[in-house]
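Visitor: Any chance you could fold what I've pasted below:
(chains A and B)
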Number of protein chains: 2
Amino acid sequence: MSRSGRRPGWPQTRDDILLAARRSFGARGYDATSLRSIAKQADVDPALLVHYFGTKEALFLAALEVTMSPMSMFDGLATVSISEAATLIVRRYLLMLDQERTRDVMLGLVRSAVSSERAATMLREFLGQAMLSSLSPLIDHPDRQLRASLVAAQLIGIAMLRHVVKADAVASASNEELVSRVAPVIEAYLR
Amino acid sequence: MSRSGRRPGWPQTRDDILLAARRSFGARGYDATSLRSIAKQADVDPALLVHYFGTKEALFLAALEVTMSPMSMFDGLATVSISEAATLIVRRYLLMLDQERTRDVMLGLVRSAVSSERAATMLREFLGQAMLSSLSPLIDHPDRQLRASLVAAQLIGIAMLRHVVKADAVASASNEELVSRVAPVIEAYLR
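Guide: Sure thing, here's the model as predicted:
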């Protein structure tokens, strides 16, 4: 089957679009990416993107969900101790960042958020839905939203120093070294 | 005295350049800002910028130092308890972020770092010099660099959630609410 020409929409088309979207958003950020450029990279008609996803914003969120959900960072945390939950969160997060494509999309989102009000809003929604709503039920405190957000702040800051700024100590530490330092702090927020 | 025309270099010229640099880097980031555009905003000859600062990189670092050093985030920390030091670090940092111009320059640096390898290198140097070298002597551990970096990661993440993403719980919390939640975590890293 030829990869060239516009394809009418067989099964993997939706996945192709998502893959192209992840690449484009990851490489260039939200604002600099257009539905048209994603359609071109996926080799499909732009109308198909609208058909499947509606808007650029919706496509961005779908690409994020595809990127993050396979990691299931928060699966099964309600059934383990708080200390184990903290360890699992940090370990799974670092494994997620180890994957280049996932990391690119996450950093693309951060890159977009610092330069675009709309992307910042989406990051806020994404954190609220995907992360804070999974995390806050684990916290038995009236200020669980604040505590869950501070966990997110710690994790986002680690991604910044490890993969963007590449601060020596954080960039060269092994995952398990980081887990041993950071998990007690996450535990303190959850407790 | 007229503000128009090129001025030859009387005393406040260097300060004018620094002010223009802070505005430009803060608003547009490192890559999108040129020495020429800063000279235009400061209403001076571009050659004066080269005379005073040498390169764009050096001017950026000078603008950062001017922005951050008046806050003296780390002054006097060696003479108080670790618990007090942690509280002071968080409180001073939040006060610093309360100042719009300082916040703009810091977020401009973060914005630059996620899209420019050179700006990321500068943020790494700045963190290494201004922050980690002030922080790590407070830490009586062989892994003090890693611990100091994780403190920086937590603080950078808070700026992201409070001022970029504007996550509800972090954006609406008072400084002292944040101090009471975050200082114990900073203390755990310092101890």
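Visitor: contacts, neighbours, all on C-alpha from now
Guide: Will do.
Visitor: is chain B contacted by the lowest-mean-pLDDT helix or strand in chain A?
Guide: Lowest on mean pLDDT, DSSP states H and E among the helices and strands of chain A sits helix A:100-115, with a mean of 78. Yes: for helix A:100-115 and chain B, the contact criterion (C-alpha under 8 Å from any C-alpha of the partner chain) is met by A:107, A:110, A:111, A:113, A:114, A:115.
Visitor: Other residues contacting the next helix or strand after that helix?
Guide: As assigned by DSSP states H and E, the chain's next helix or strand after helix A:100-115 is helix A:117-126. Helix A:117-126 is contacted from outside by A:30-31, A:57, A:61, A:109-110, A:112-114, B:164-167, using C-alpha atoms under 8 Å, 6 or more residues apart in numbering or on different chains.
Visitor: Can you give me the domain assignment for chain A?
Guide: A:13-65, A:72-190 (automatic domain parsing).
Visitor: Can you pull the residues of chain A lying near chain B?
Guide: So far as C-alpha under 8 Å from any C-alpha goes, chain A lies against chain B at A:107, A:110-111, A:113-115, A:120-121, A:123-124, A:128, A:145-147, A:149-150, A:152-158, A:160-161, A:164-167, A:169-170, A:173, A:181-182, A:185, A:188-189.
Visitor: Give me the subset of these that lies in helices.
Guide: Among the residues of chain A next to chain B, the members falling in helices (DSSP state H) are A:107, A:110-111, A:113-115, A:120-121, A:123-124, A:145-147, A:149-150, A:152-158, A:169-170, A:181-182, A:185, A:188-189.
Visitor: and the angle for the least confident helix or strand of chain A with helix B:100-115?
Guide: 150 degrees (axes from the mean of the first three to the mean of the last three C-alpha atoms, to 10 degrees).
Visitor: mind saving the C-alpha coords of stretch A:162-182 as CSV?
Guide: The C-alpha trace of stretch A:162-182 is given here as CSV (Å, rounded to 0.1, in the frame of the first residue of the first chain):
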residue,chain,number,x,y,z
ARG,A,162,16.6,17.0,34.6
HIS,A,163,15.6,17.4,31.0
VAL,A,164,15.5,21.1,30.2
VAL,A,165,18.1,22.9,32.4
LYS,A,166,20.1,19.7,32.8
ALA,A,167,21.4,20.7,36.2
ASP,A,168,24.3,18.3,36.8
ALA,A,169,23.1,16.7,40.1
VAL,A,170,19.6,16.0,38.9
ALA,A,171,20.5,15.1,35.3
SER,A,172,23.2,12.6,36.4
ALA,A,173,21.2,11.0,39.3
SER,A,174,19.8,7.5,38.7
ASN,A,175,16.0,7.1,38.9
GLU,A,176,16.4,5.2,42.2
GLU,A,177,18.5,7.9,43.7
LEU,A,178,15.9,10.4,42.9
VAL,A,179,13.1,8.1,44.2
SER,A,180,14.9,7.8,47.5
ARG,A,181,15.2,11.6,47.9
VAL,A,182,11.9,12.7,46.5
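Visitor: what's near enough to touch the closest residue to residue A:85 other than its chain neighbours?
Guide: Spatial nearest neighbour of residue A:85, excluding adjacent residues (C-alpha to C-alpha, 6 or more residues apart in numbering or on different chains): residue A:77 at 5.3 Å. Listed by C-alpha under 8 Å, 6+ apart, the contact partners of residue A:77 are A:85, A:88, A:138.
Visitor: sorry, back to before: show me what the least confident helix or strand of chain A packs onto, helices and strands only.
Guide: Judged by 3 or more C-alpha pairs under 8 Å, 6 or more residues apart in numbering or on different chains; DSSP states H and E, the packing partners of helix A:100-115 are helix A:13-28, helix A:56-68, helix A:82-98, helix A:117-126, helix B:100-115.
Visitor: Other residues contacting it?
Guide: A:22-23, A:25-31, A:64, A:67-68, A:96-97, A:119-121, A:123, B:107, B:110-111, B:114-115, B:164-165.
Visitor: Now do that helix: distance to the chain's middle.
Guide: Remark: helix A:100-115 is offset 8 Å from the chain centroid, using C-alpha atoms, centre = their mean, to the nearest Å.
Visitor: Stretch A:15-34 now?
Guide: With C-alpha atoms, centre = their mean as the basis, stretch A:15-34 stands 13 Å off its chain's centre.
Visitor: and it, which residues are buried?
Guide: A:16-31, A:33 (16 or more other C-alpha atoms under 10 Å in any protein chain shown).
Visitor: Over to stretch A:150-169?
Guide: Within stretch A:150-169, the residues scored as buried using 16+ other C-alpha under 10 Å are A:150-167, A:169.
Visitor: Having no further points to raise, I will conclude here.
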